[in-house]
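J.: Sequence first, predicted coordinates after that:
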Amino acid sequence: MPAPHPSLRVASDLPIAVPGVWHADALGTSTQRVLPTGHAALDAQLPGGGWPVGALSEVLQPLAGLHEWQLVLPALVQATARQSGAVVLVAPPCEPFGPALQSQGLRAERVCVVHADSPMVALWAAEQSLRCQGVLAVMAWLPQAQPASLRRLQWAAAQQQQLLWVFRPVDASWPASQVSQASPAQLRLQVQGLALPGDAAAAPGMQVQILKRRGPPLAQVLRLPGCHPQLAQVLLAQAERRRAAQEAASALVAGRQAVAMRVAGGSGALLARNAPGGRPEGSRHALDRSAIALVR
């Protein structure tokens, strides 16, 4: 086996930090602008700590319309608060609900919806939106976009330094090779639904897998709250209050029943309740009904 040429150096021989050189086994720390996602766990795994500005971020999900706003709304609120410009939605699967967005900090007048009657029209509208100086960010639903078309969008976003998200459906039956297929996107995520422990109805969550980033592969899956962290805290607090109120109501009804039984003669009331021809087991005493009215 021939000896290596003395003038050649392998990556392990290079210094830890070389200006302008990125090591593929380290998370990218380029000078490109980023915008925090609003999810600390996701920021910690993204190069620079947020969504890349002037680059394509591709999001794969099993069904359109489920997790888009939960994922990107915190960043959009930050972006629109800092600078002017419109947020353009191209071919969204559902009409955005303005009051809900406004309650989270995204004013409805900053949102522009573009409907498209064909995939080609949607792709054209997304590219033209990215070339407008008055546009701050573009969210495009392009299920049939090919790599060449995505490359054009990537170039347009880089020219105007805009935020760009492209949402595409991914079938759960697809093999892993199709999910990890080549893409011009600088960042590629796969998002699925997840219920956080404690109260699934109060704070639905997201399971995020980073398929592509400027850095080493990420084996573990990130679990994120399904809405803005502050909203998730409010929902969980409301659920806790409801649970406590239900427990207090149950305790009050049980206490009223115990008092009623003592007034009626204790064990005699129990015998009357279970005796043939007596009141059915599920029926309530008049005192029970009064207690329920008090706690409602």
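T.: The structure has been received and is ready for your questions. Numbers count the residues shown, from 1 in each chain.

J.: in stretch 35-47, what's buried?
T.: Under the neighbour-count criterion of 16 or more other C-beta atoms under 10 Å, stretch 35-47 has L35, P36, T37, G38, H39, L42, D43, Q45, L46, P47 buried. Just so you know, the C-beta spots here come from the backbone N, C-alpha and C atoms, and that holds for glycine as well.

J.: Do a quick rundown of the strands in this protein.
T.: 34-35, 51-52, 55-61, 86-90, 111-114, 135-141, 163-169, 187-195, 204-212, 222-225 (DSSP state E).

J.: and the fifth one, what does it pack onto?
T.: Counting contacts by 3 or more C-beta pairs under 8 Å, 6 or more residues apart in numbering; DSSP states H and E, strand 111-114 packs against strand 86-90, helix 119-130.

J.: swap in the first one?
T.: Under the contact definition 3+ C-beta pairs under 8 Å, 6+ apart, strand 34-35 sits against strand 51-52, helix 68-82.

J.: State the paired neighbours of it in the sheet, together with their directions.
T.: strand 51-52 (antiparallel) (DSSP bridges).

J.: Repeat that for the fourth one.
T.: For strand 86-90, the pairing partners within the sheet under DSSP bridges are strand 111-114 (parallel), strand 135-141 (parallel).

J.: what do you get for the third one?
T.: Based on DSSP bridges, the strands next to strand 55-61 in the sheet, each with its direction, are strand 163-169 (parallel), strand 187-195 (parallel).

J.: Which positions in stretch 55-68 come out as buried?
T.: Neighbour-count burial for stretch 55-68 [16+ other C-beta under 10 Å]: A55, L56, S57, E58, V59, L60, Q61, A64, L66, H67, E68.

J.: Other residues contacting that stretch?
T.: 32, 51, 71, 92-94, 139, 141, 143, 150, 153-154, 157-158, 163-172, 179, 183-193, 206, 211-212, 226 (C-beta atoms under 8 Å, 6 or more residues apart in numbering).

J.: among the residues you listed, which ones are buried?
T.: The buried subset of those (16+ other C-beta under 10 Å) comprises 32, 51, 71, 92, 139, 141, 150, 153-154, 157-158, 163-168, 170, 183-192, 206, 211-212, 226.

J.: Could you give me the buried positions within stretch 96-108?
T.: So for stretch 96-108, counting by 16+ other C-beta under 10 Å, buried means P96, L101, Q104, L106.

J.: Widest-spaced pair of those residues?
T.: By the measure C-beta to C-beta, P96 and Q104 form the most distant pair in those, at 11.4 Å.

J.: could you dump stretch 97-104 to CSV, C-alpha only?
T.: What follows is stretch 97-104, C-alpha atoms only, in CSV (Å, rounded to 0.1, in the frame of the first residue of the first chain):
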residue,chain,number,x,y,z
PHE,A,97,-58.3,32.3,10.8
GLY,A,98,-57.4,35.9,11.2
PRO,A,99,-58.5,36.4,14.8
ALA,A,100,-56.5,33.4,16.0
LEU,A,101,-53.4,34.6,14.3
GLN,A,102,-53.9,38.1,15.6
SER,A,103,-54.4,36.8,19.2
GLN,A,104,-50.9,35.3,18.9
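
J.: Low-confidence regions, the stretch 101-250 of the chain specifically.
T.: 171-180, 194-204, 226-239 (pLDDT under 70).

J.: at 90 instead, please
T.: Along the stretch 101-250 of the chain, segments meeting pLDDT under 90 span 101-104, 133, 143-147, 169-185, 191-207, 209, 211-250.

J.: still on that earlier bit, so for A126, which of the strands paired with strand 55-61 sits nearest?
T.: Using C-beta to C-beta, the nearest of these to A126 is strand 163-169, at 7.8 Å.

J.: List the contacts of the closest one.
T.: With C-beta under 8 Å, 6+ apart, strand 163-169 has contacts from 35, 51, 53, 55-64, 68, 72, 75-76, 79, 126, 130, 136-143, 145, 150, 153-154, 157, 185.
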